[in-house]
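Student: need a structure here:
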Amino acid sequence: MRVELVLKNRLKVARAEKELSQGALAEMVGVSRQTISSIETGQFCPTAKLALVLCVALDKKFEDLFYFE
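Tutor: Residues are numbered from 1 along each chain as shown. Next comes the predicted model:
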């Protein structure tokens with residue numbers, strides 16, 4: 001039996017706490033607004049580097065922002 005882990009995130013909530021638009025966060029981390037949207041909706045899984053850059057930008061620990069389901 002194989003268990004498939006799906007990476008989920010709390011990016012939208014964390015972004016809202018900082019009162020940042022998708023565009024503003026995207027500019028801070030060097031990606032497009034569409035990339036941020038795709039991560040938030042689960043259509044795109046960020047690289048480890050981008051995930052960590054997002055954590056720094058939002059002042060969150062990795063485990064507070066990303067989790068497996």
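
Student: who's in contact with stretch 41-56?
Tutor: Around stretch 41-56, the neighbours that count as contacts under CB atoms under 8 Å, 6 or more residues apart in numbering are 6-9, 11, 25, 29-31, 35, 38-39, 60-62, 64-66. C-beta: built from backbone N, CA, C; applies to glycine.

Student: can you give me the buried ones in that stretch?
Tutor: 46, 50, 51, 53, 54, 55 (16 or more other CB atoms under 10 Å).

Student: one step back: out of the contacts of stretch 41-56, which end up buried?
Tutor: Of the contacts of stretch 41-56, these count as buried by 16+ other CB under 10 Å: 9, 11, 25, 29, 31, 35, 39, 60, 65, 66.

Student: farthest pair within these?
Tutor: Maximum pairwise distance among these (CB to CB): 17.8 Å, between 35 and 60.

Student: which helices and strands sit right next to the helix or strand where residue 16 lies?
Tutor: Using DSSP states H and E, residue 16 sits in helix 11-17. Helix 11-17 is packed against helix 33-40, helix 48-58, helix 62-65, with contacts defined by 3 or more CB pairs under 8 Å, 6 or more residues apart in numbering; DSSP states H and E.
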